[in-house]
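Novice: next come a sequence and a model predicted from it.
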Amino acid sequence: MINLLIIITLTGCYAIYSTSQNIFLPQNTHVEIWMQNNRNLSKIIGSINLMVSLFIAISLFGQTSGVLIWFLITMILLSLLIVLVPTNKLTKIDVIFIFAICLILEYLL
């Protein structure tokens with residue numbers, strides 16, 4: 001369930017990050033091009049993803065600790081996005097592989 005929280009938060013942060021006019025995305029895929037062409041809709045989708053992840057965090061951890069954990073996860077993911085996306089050090093396949101390993105470890109342990 002925590003991996004689901006992180007994935008939803010990551011997609012929301014990435015949707016909002018991709019709509020910025022000040023960034024340069026060297027590797028444009030169809031999703032990134034669509035997000036840049038439809039900025040308002042992408043911001044709405046990103047905001048909805050962030051709100052859903054906040055509600056999941058509150059339901060998992062309680063009101064105060066859920067909000068604090070959500071802020072922590074959001075800050076970490078935004079920091080990683082700002083640092084790693086422009087350098088192309090982390091591809092989408094790497095992200096899927098990392099989350100698959102974390103999901104397996106979450107359910108095995």
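Specialist: Sure thing, it's come through.

Novice: residues contacting Val67?
Specialist: By Cβ atoms under 8 Å, 6 or more residues apart in numbering, the contact list for Val67 reads Leu54, Ala57, Ile58. In this view, the C-beta of every residue, glycine as well, is placed from N, C-alpha and C.

Novice: and the first one, how many neighbours?
Specialist: Close neighbours of Leu54, defined as other Cβ atoms under 10 Å, add up to 21.

Novice: and Tyr14, how far is that from Ile33?
Specialist: Going from Tyr14 to Ile33 by Cβ to Cβ, to the nearest Å gives 14 Å.

Novice: who's more crowded, the two?
Specialist: A count of neighbours by other Cβ under 10 Å puts Tyr14 above the other of Tyr14 and Ile33, at 21 against 12.

Novice: in the protein, where is pLDDT below threshold?
Specialist: Within the chain, the stretches with pLDDT under 70 are 25-28.
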